[in-house]
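In: here is the input, now give the coordinates:
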Amino acid sequence: MFVDQAKIYVRSGHGGAGALSFRHERGVIRGGPDGGNGGHGGDVVVVALPKVATLIALRYRQHQYAGNGEPGQGRNRSGHGGAHCIIEVPVGTVVRNEETGAVIADLAEPEARVVVAHGGRGGKGNAHFKSATFRTPRFSQPGEEGEELTLRLDLKLLADVGLVGLPNAGKSTLLSRISHAEPKIADYPFTTLQPQLGVVELDTTRDFVVADIPGLIEGASEGAGLGHRFLRHVERTATLLFLLDAGPWADPDAATALTILEGELAAHATELTTKPRLVVANKLDLVEGGALPAALVAACAARSVPLFPLSCATGAGLAPLLEALWEQVARHRQGVAAGAATPPAQPPAATLDDGQTGS
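Out: The predicted model follows:
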């Protein structure tokens, strides 16, 4: 089961109290203070690990506690520190304060970690306060209390290409053709109920990850359908791939579908409007002559967005599409390596095997 959101309550450990103690031994008159310090409380730490795929474990363990520090003892014995609470999450998890909504950390790298609640400091024993002029301190410090808060964890999948489209546009079929992913494929809307990842391997040195999210419908950004729950999974991608049904029975038509998708992405996050993108007209094997819809050609030309004709059923048009995707992914990776993710240049349009050209 894929779970990409969780809300948990965390509390760090309380510090142990310092000891109030004096040395008592046979033959020792007026032994000095020997109260040890209390141990520090344990921290609550969130760490991103590649071995963790979803947040499902935290759905059933919604309360996380670190250990308390032990109190100090006589003979200058300090208490043991409390055990840290380590919360393992998938790479790509965003940690937020549920009450304020503030982002505490974005754990986008393997082994990235953040202390979300610091343990309380242990109190000082009375031996700590002894001095040349103050030989018999009769007090010690209590330990500090730990911190507590409620966290919201949001997983954003790490993928290079975000595959978006209306229900039944052929996204799962495309993912199964270009990768080893095995998504559920059927001839009805909302076949895909959770995000799917697939690794595309062009050759031994070129590969990238494609994320397929459930189909969007108009109003998704306001809660309609299923896709709105998963829109955040395309926020980290290098490029977006709009897959449109350009078949003769498409409803809505491909040009209208493009407008709907762009509107929903913009309503979810304005930064998505500046991401590089490709538009793919699918199901052209059902169109006589494989002709592209004139309205879609005009819409893409007006946006200066390349249009790729495709048939997921036959595989026609796949090769130029994958090369164009790799070009954008490679440019993005080069930009990230250089310290600034330079937006990839838009590639030229492609042609179907029969010579049909998109613009």
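
In: residues touching the residue nearest the centre of the chain, list them.
Out: Centroid-nearest residue in the chain, with Cα atoms, centre = their mean: Lys156, separated by 2.4 Å. Neighbouring residues of Lys156 by Cβ atoms under 8 Å, 6 or more residues apart in numbering: 92-94, 232-233, 235-236. Using the backbone N, CA and C atoms, a C-beta is placed for each residue, glycine as well.

In: narrow those to those in helices?
Out: Among the contacts of Lys156, DSSP state H puts none in helices.

In: quote the end-to-end distance of stretch 97-110.
Out: 22 Å (Cα to Cα, to the nearest Å).

In: repeat for stretch 114-131
Out: End-to-end distance of stretch 114-131 (Cα to Cα): 39 Å.

In: repeat that for stretch 33-40.
Out: 21 Å.

In: do stretch 230-240 as well
Out: Its start and end residues considered, stretch 230-240 measures 14 Å (Cα to Cα).

In: likewise stretch 21-41?
Out: 22 Å.

In: ok, back up a step: now, which of the contacts of Lys156 sits nearest Asp43?
Out: Within those, proximity to Asp43 (Cβ to Cβ) peaks at Thr93, which comes in at 17.8 Å.

In: okay, the closest one and Gly198: tell me how far apart.
Out: Thr93 sits at a distance of 21 Å from Gly198 (criterion: Cβ to Cβ, to the nearest Å).

In: now swap in Asp251 and tell me
Out: Taken as Cβ to Cβ, the span from Asp251 to Gly198 is 28 Å.

In: tell me which of the two has more neighbours.
Out: Neighbour totals were compared for Asp251 and Gly198, and Gly198 leads with 23 against 9 (other Cβ atoms under 10 Å).

In: partner strands of the host helix or strand of the more buried one, parallel or antiparallel?
Out: Counting by DSSP states H and E, the element that carries Gly198 is strand 196-203. Strand 196-203 pairs in its sheet with strand 206-212 (antiparallel), by DSSP bridges.

In: the strand it pairs with - what's its average pLDDT?
Out: The predicted model assigns strand 206-212 a mean pLDDT of 89.

In: what helices and strands are in contact with the helix or strand following that strand?
Out: Next helix or strand after strand 206-212 toward the C-terminus (DSSP H and E): strand 239-245. In terms of contacts (3 or more Cβ pairs under 8 Å, 6 or more residues apart in numbering; DSSP states H and E), strand 239-245 is packed against strand 161-164, helix 254-268, strand 277-282, helix 318-337.

In: please redo it, this time with the cut-off set to 10 Å
Out: Contact analysis of strand 239-245 by 3 or more Cβ pairs under 10 Å, 6 or more residues apart in numbering; DSSP states H and E lists strand 161-164, helix 171-178, strand 206-212, helix 254-268, strand 277-282, strand 307-309, helix 318-337 as its packing neighbours.

In: lovely, talk soon.
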